[in-house]
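> Fold the following.
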Amino acid sequence: MKGKISSKTIYDTIKDQIHKERFPQGSMLPAELTLAQKYLVSRPTIAKVYNQLQDEGLVQKTKGLGTIVTHQHSNTTYTFGLLLPGAGESEIFSIINDQLLSQSEAGSFNCLWEGATAGSAEIRKMLIESYCESYINKKVDGIFFSPLERVQDADELNLKICTAIQDAGIPLVLIDRNIRISPERCAFDVVSVDNFNAGSVMAKHLLDQGCEELHFFYRPDSASSIDLRISGIRDMVEKQGRLFTANNLFCGNPEDLEFVKKMKITSGKTGIICANDSTAAVLMSSLDALGVEICSDVLICGYDDMKYSKHLKHSLTSFRQPCEEIANISIELLMRRLKDNNRFPITINLAGEIVIRESSQFL
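Residues are numbered from 1 along each chain as shown. Coordinates of the predicted model:
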């Protein structure tokens, strides 16, 4: 026997139908007796539901007439602020930014874009707080934020910005990366590529190409997404019965030849995974200057599939992010938060794809 349907379930169902305009303004709800028979409950139970809807201003009960929907659907156009400082460094943020703007033209929201796209991370750091303050003062309806990286104290600044937005009661969605607050639970929605999987996929590809040892190269103060990629690489390498330790991690400037020399490279057996394409491109140049041959001595790959990747001396294998989908889902999450900003935060990790080119194949 089926369990009895609660009045709350019926209430939630009718309220949802009103909000979705299945019962538009001016329409009549089913008679109390009719709905009671449908849900196999008593008429007083339906009367209780209708009374609650009336108390919330969604319907009006009129004796001798019935229950009329009075809820008027808002045509409000929301205003969202964009805080995407990485747009000055990586094409992925330009794509995400363009998609957000494109969707704003077709949707019920406008976007404020005040910049912070300077090529210098330090300049972006100086600007980002003022832009955040501006959005808060303008009382925007929501903010998309991609946490700052590649500068000292970025973690503290990112947390400060998120806290300010949260304290202002403005819905917030983090794009591309989380902020480092571990082991605490993140209080914000996050949309990004699945970075753990991205690390695993790239590691498996290089191992399948014959690499017996993998290194990971990244710049200081990189984003928290790097930690997940490293974890994915380590997991795949160890599953293949090999070691991936701190000795395989290189955090430094890819232009620094003395630092690059520290990497142990066994000709024909070493693979290098770079945190992004820009790091890989510079590292390839440094390796060339040191007499290390790409595709002969070492394989190399990166992330983000920048436009120039296929035009390098050795076209670069890279991992393409689903940028447009990241933007689309970020909008969905922000719209969700507009209805209830106290919802439990969720993280959405999207699948990307490896783009295989010359740099990851031994000749």
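> okay, now the domains of the chain?
Domain assignment for the chain by automatic domain parsing gives 7-69, 78-194+323-352, 195-320+354-360.
> Just the buried positions in the helix or strand harbouring F259, please.
F259 is part of helix 257-260 when elements are defined by DSSP states H and E. The neighbour-count check on helix 257-260 (16 or more other Cβ atoms under 10 Å) flags V260 as buried. Any C-beta I mention is one placed from the backbone N, CA and C, and that applies to glycine too.
> Pretty sure A327 sits against Q103.
Yes: using Cβ atoms under 8 Å, A327 makes contact with Q103 at a distance of 6.8 Å.
> Compare neighbour counts for those two and give me the winner.
For A327 versus Q103, neighbours defined as other Cβ atoms under 10 Å are more numerous around A327 (21 against 16).
> Excluding sequence neighbours, find me the nearest residue to the more buried one.
Once flanking residues are discounted, A327 sits nearest to Q99: 3.6 Å by Cβ to Cβ, 6 or more residues apart in numbering.
> Secondary structure element holding R124?
Judged by DSSP H and E, R124 forms part of helix 121-137.
> Report back the residue of this structure that's furthest from centre.
G64 (53.0 Å; Cα atoms, centre = their mean).
> Which positions in the helix or strand that E156 is a member of come out as buried?
Using DSSP H and E, E156 maps to helix 154-167. Residues of helix 154-167 classed as buried: A154, D155, L157, N158, I161, C162, A164, I165 (neighbour count, 16+ other Cβ under 10 Å).
> Also stretch 206-216?
Judged by neighbour count using 16+ other Cβ under 10 Å, the buried positions of stretch 206-216 are L206, L207, C211, E213, L214, H215, F216.
> Go ahead and confirm the second one touches V237.
What it means is L207. Yes: between L207 and V237 there is a contact under Cβ under 8 Å: 7.2 Å.
> helices and strands around the least confident helix or strand in the chain by mean pLDDT, which ones?
Across the helices and strands of the chain, mean pLDDT, DSSP states H and E gives its lowest value to helix 121-137, namely a mean of 83. Secondary-structure packing of helix 121-137 (3 or more Cβ pairs under 8 Å, 6 or more residues apart in numbering; DSSP states H and E): strand 78-83, helix 154-167.
> Give the pairing partners of the first one; include direction for each.
In its sheet, strand 78-83 lies beside strand 109-113 (parallel), strand 142-145 (parallel), with partners assigned from DSSP bridges.
> most tightly surrounded among those strands?
strand 142-145 (a mean of 24; mean count of other Cβ atoms under 10 Å).
> how distant is the helix or strand that comes right after the helix holding F259 from the center of its chain?
The helix or strand immediately downstream of helix 257-260 is strand 270-274, counting by DSSP H and E. Here strand 270-274 is found 26 Å from its chain centre; the criterion is Cα atoms, centre = their mean, to the nearest Å.
> Number the residues from 812 up from this point.
From this message on, residue numbering opens at 812, which makes the last subject strand 1081-1085.
> how about the helices in the protein?
With helices called from DSSP state H, the chain shows them at 818-830, 843-850, 854-866, 902-917, 932-948, 965-978, 1006-1019, 1036-1050, 1068-1071, 1088-1100, 1134-1150.
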